[in-house]
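Participant: Just a sequence and a predicted model for now, questions to come.
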Amino acid sequence: MTVYQDIQKAKKHRYVIFLIRDEKQIDVEKIGDRNSNYNDYLTDLKQKDGGSDDCRYGLFDYDYKYSPDGAESINRSKIFLMSWCPDTSKIKKKMLYSASFETLQKAFVGVHKVIQANDESDLEQTTVEEQLRANDRN
């Protein structure tokens with residue numbers, strides 16, 4: 001929760017990656033500093049478990065420009081929570097991460113968007129930004 005507040009209120013970090021340790025505890029694995037970008041986030045999110053793909057949760061403070069009709073563009077910032085459970089990861093891991101995701105969603109009040117990502121196309125920056133912009137009013 002402290003890291004979430006550091007991102008949400010203090011804007012200290014760009015992102016945080018969580019993993020489930022010993023099948024019982026959600027821990028912070030990596031914190032991306034404020035200068036990190038979306039590619040840094042993806043690199044940290046897509047870790048392997050030995051030779052196979054592994055699941056992670058990611059929280060990202062995403063900045064973009066918003067241009068309402070007839071007005072100057074303004075900078076926007078939205079925080080999204082992502083569950084990364086690739087189809088190629090182990091079934092037991094996918095089940096564990098899916099079952100625990102709701103706990104994080106409830107804990108992180110104020111997250112703008114929750115994203116379930118199961119393959120590379122779900123992770124593409126344009127896809128994510130499109131989802132974040134969906135609630136912007138033109």
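Facilitator: Received, thanks.
Participant: Which elements pack onto the helix or strand containing T43?
Facilitator: Following DSSP states H and E, one finds T43 within helix 38-45. For helix 38-45, the packing partners by 3 or more C-beta pairs under 8 Å, 6 or more residues apart in numbering; DSSP states H and E come out as strand 13-21, strand 25-33, strand 56-66. From N, CA and C alone the C-beta is placed, and that goes for glycine too.
Participant: need the next SSE after it, C-terminal direction.
Facilitator: Moving toward the C-terminus from helix 38-45, the next helix or strand (DSSP H and E) is strand 48-49.
Participant: Return the distance of the closest residue in space to V3 that isn't next to it in sequence relative to E72.
Facilitator: Using C-beta to C-beta, 6 or more residues apart in numbering and skipping residues adjacent in sequence, the residue nearest V3 is V16, 5.0 Å away. According to C-beta to C-beta, to the nearest Å, V16 and E72 sit 32 Å apart.
Participant: now swap in T126 and tell me
Facilitator: In terms of C-beta to C-beta, T126 sits 23 Å off from E72.
Participant: Helix or strand with the lowest mean pLDDT in this protein?
Facilitator: The helix or strand of the chain with the poorest confidence is strand 48-49; it has a mean of 85 (mean pLDDT, DSSP states H and E).
Participant: before we move on, back to that, identify whichever of the helices and strands packed on helix 38-45 lies nearest to A117.
Facilitator: Of all the helices and strands packed on helix 38-45, strand 56-66 sits nearest to A117, with 8.8 Å by C-beta to C-beta.
Participant: re earlier: as a markdown table, the helices and strands packed on helix 38-45 with mean pLDDT would be great.
Facilitator: A markdown table is the format used below for the helices and strands packed on helix 38-45 (pLDDT from 0 to 100):
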| stretch | mean pLDDT |
| --- | --- |
| strand 13-21 | 96 |
| strand 25-33 | 95 |
| strand 56-66 | 95 |
